[in-house]
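K.L.:
Please work out how this folds:
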Amino acid sequence: MQMQVSFLFNANGLYLNNISEINNLPEIIQGGMGAGVSDWRLAKCVSQQGQVGVVSGTALDSILVRRLQLGDIDGHIRRALSCFPWPDMSQRILDEFYIPQGKSVNQPFKLLPMPQLPMKPSSVELIVASNFVEVFLAKEGHEGLIGINYLAKIQLPTLPSLFGAILAGVDFVLMGGGLPISIPGFLDGLTRLDEVKLNLHVEDNVQNHPYVYHFDPNAFCMGKTPNLMRPKFLAIVSSETAAKTLMRRATGHIDGFIVENHTAGGHNAPPRKISGHTASSLLEYSQKDIPDIQKIKLLGKPFWLAGGCASPLELKNTLNLGANGIQVGTVFAYCRESGILPEIKQEVLCRYLKGKLKVLTDFQASPTGYPFKLICIENSSRRVDPATERKRICDLGYLRHLYSIDENRVGYRCPAEPIKKFLEKGGGYDMTVGKKCLCNGLLATIGLEQIRDGGLELPIVTSGENFSFVHHMITKSNTTYGAKDVIDYLKS
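P.N.:
Below is the predicted model of the structure:
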């Protein structure tokens, strides 16, 4: 079943959103794993099984243009773009990036301009369209629920990303990696087609100059003024303190929480400070970092628990605690439908079964400054080893920091870029220690690696700590499993 533009808006111009009452939602939310691990195929499959499928909203513009440069062999991207409400934008994207039959093996991907203020119109168009495409494909041909996951630390693409997802009828927006206080208000405004503005966090801003990114959705309507349905907003938090802060300060309605502990994959919240301990000993998690579920329950919002929850017993225990269910990521990351390259999936699963898999919390790797889960695979047939030194580079720019130049201008620096450049921009050397280019590494994990000096960018693999599901999902005769198998197992 192919969803056409006419499906986007009914006779009254209202998007046909599938949510009625949030308290009657499924018990399983699939984690939004970036970049491109939770792609539209995985989210669609989960949604078709009656649960909440979630696509990752990280780097979708780069993912879309690289898929087009590989030839879009199955035609999914072009089909989705043909249903984008404004054909002129779709055609500009195809003219710029689509390569019939795909680029040559040794040809590097064409890069996008890195996000900057003010955003170039072509960059904004691409962000809107790429988020539309990913959600459209995930929702196409069924009536299930689809969410999209964003990282609060990635600032400049946020507003056009949200608008693109809303255009495609996304049912949920999930966000972590910081306190997403302003997101509920943005969802309200973008749904009404109001101009919205994002107050940017800018470093070295000693004069407290206001730096604002304005986004006007009417600039994209071009004769069509759709009435859109506001998606539900689920904030990803790691503590009852964060949840209370959002309840008190959020600019709009929060529909629920994903309560994630530090065993989850990807970015984790930093450990809480422990009185009387030295700075070095603070780089570990303690009992203080376990969220108080009863206090979160008293807030009166639906919530799902995440991190180490991938088992029928954990689902049962979670429901007994009063939660609506669980969010699980890692078990879906290694199923057939996820975006991770098949050879990496097999390598990780086999090493776990042999007792040779290490999942560590790296407190330095991420340019965001947040702890980040990494899998170390040494002597792999496909080189995946974050413990080795990677070439320092920043040519995608999603995790760059904004810093103040003067009251009208900002600069951009990334702790993972060449150290000399970072220091020239006023950054401190201590901020560069151990930093890795997650943007390029994560794209390599899904087979969209850049070619550099005749070689390939090395993958970076992130996962949660709990792999106990493996023994239930694979056997000697069947070393792969699907998203449906995961749901059947969790509901068993």
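K.L.:
Which pLDDT value belongs to the closest residue to D485 other than its chain neighbours?
P.N.:
Nearest residue to D485 in three dimensions, chain neighbours excluded: M473, at 6.3 Å (C-beta to C-beta, 6 or more residues apart in numbering). Every C-beta, even on glycine, is put in place using the N, C-alpha and C of the backbone. M473 is assigned 88 on the pLDDT scale.
K.L.:
Relative to K244, how far out is M473?
P.N.:
For M473, the distance to K244 (C-beta to C-beta, to the nearest Å) stands at 37 Å.
K.L.:
These two: which is more packed in?
P.N.:
Ranked by neighbour count (other C-beta atoms under 10 Å), M473 and K244 place M473 first, with 20 against 15.
K.L.:
Which residues are in contact with that one?
P.N.:
Residues near M473 by C-beta atoms under 8 Å, 6 or more residues apart in numbering: V331, C335, Y481, D485, V486, Y489.
K.L.:
Let me know the distance separating it from K391.
P.N.:
Using C-beta to C-beta, M473 is found at 36 Å from K391.
K.L.:
Repeat that for K301.
P.N.:
Separation of K301 from K391 (C-beta to C-beta): 44 Å.
K.L.:
the more surrounded of those two?
P.N.:
Legend: neighbour count by other C-beta under 10 Å for K301 and K391, higher for K301 (20 against 13).
K.L.:
Quickly list what the closest residue in space to that one that isn't next to it in sequence is bridged to.
P.N.:
With sequence-adjacent residues excluded and distances taken as C-beta to C-beta, 6+ apart, K301 is closest to G256, at 5.1 Å. G256 has the following beta-bridge partners by DSSP bridges: L234.
K.L.:
looking at it, G256 is touching L305, isn't it?
P.N.:
No: under the criterion of C-beta atoms under 8 Å, G256 makes no contact with L305, lying 11.9 Å away.
K.L.:
Neighbour count for the two, which is higher?
P.N.:
Between G256 and L305, counted using other C-beta under 10 Å, L305 has the larger neighbour count: 26 against 21.
K.L.:
element containing the more buried one?
P.N.:
For L305, the element it lies in under DSSP states H and E is strand 303-306.
K.L.:
could you say what helices and strands that strand packs with?
P.N.:
Helices and strands touching strand 303-306, as assessed by 3 or more C-beta pairs under 8 Å, 6 or more residues apart in numbering; DSSP states H and E, comprise strand 256-260, helix 293-297, helix 312-320, strand 325-328.
K.L.:
any chance of these in CSV, plus distance to A250 and mean pLDDT?
P.N.:
Below are the helices and strands packed on strand 303-306 laid out as CSV (distance: least, C-beta to C-beta, whole Å; pLDDT from 0 to 100):
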stretch, distance to A250, mean pLDDT
strand 256-260, 11, 93
helix 293-297, 15, 91
helix 312-320, 24, 93
strand 325-328, 20, 94
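K.L.:
TSV for these, including distance to L193?
P.N.:
Shown next, in TSV, are these (distance: least, C-beta to C-beta, whole Å):
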stretch	distance to L193
strand 256-260	25
helix 293-297	34
helix 312-320	38
strand 325-328	31
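K.L.:
Quick one: end-to-end length of stretch 474-484, please.
P.N.:
Terminal residues of stretch 474-484 are spaced 13 Å apart (C-alpha to C-alpha, to the nearest Å).
K.L.:
so how far is that stretch off the chain centroid?
P.N.:
Distance, stretch centre to chain centre, for stretch 474-484: 26 Å (C-alpha atoms, centre = their mean, to the nearest Å).
K.L.:
So which residues make contact with that stretch?
P.N.:
Residues outside stretch 474-484 that contact it (C-beta under 8 Å, 6+ apart): 30, 42, 45-46, 49, 332, 334-337, 345-346, 349-350, 353, 473.
K.L.:
Flag every buried residue along it.
P.N.:
I474, Y481, G482, A483 (16 or more other C-beta atoms under 10 Å).
K.L.:
Where strands are concerned, which of these count?
P.N.:
Among those, no member is found in strands (DSSP state E).
K.L.:
Kindly indicate which of these lies nearest S366.
P.N.:
Relative to S366, the closest of these is A483; by C-beta to C-beta it sits at 27.5 Å.
K.L.:
per-residue pLDDT, that closest one?
P.N.:
For A483, the pLDDT comes out at 95.
K.L.:
Name the helix or strand for the residue nearest to it when sequence neighbours are not counted, please.
P.N.:
Leaving aside its chain neighbours, A483 sits nearest to C45 (4.3 Å; criterion: C-beta to C-beta, 6+ apart). Element membership for C45, per DSSP H and E: helix 40-48.
K.L.:
Mind telling me the two of the contacts of M473 farthest from one another?
P.N.:
Applying C-beta to C-beta across the contacts of M473, the maximum distance is between C335 and Y489, 10.7 Å.
K.L.:
what about the two, which has more around it?
P.N.:
Neighbour count, other C-beta under 10 Å: between C335 and Y489, C335 has more, with 21 against 17.
K.L.:
quick one, what contacts that one?
P.N.:
By C-beta under 8 Å, 6+ apart, C335 lies in contact with L42, M473, T480, Y481, G482, A483, D485, V486.
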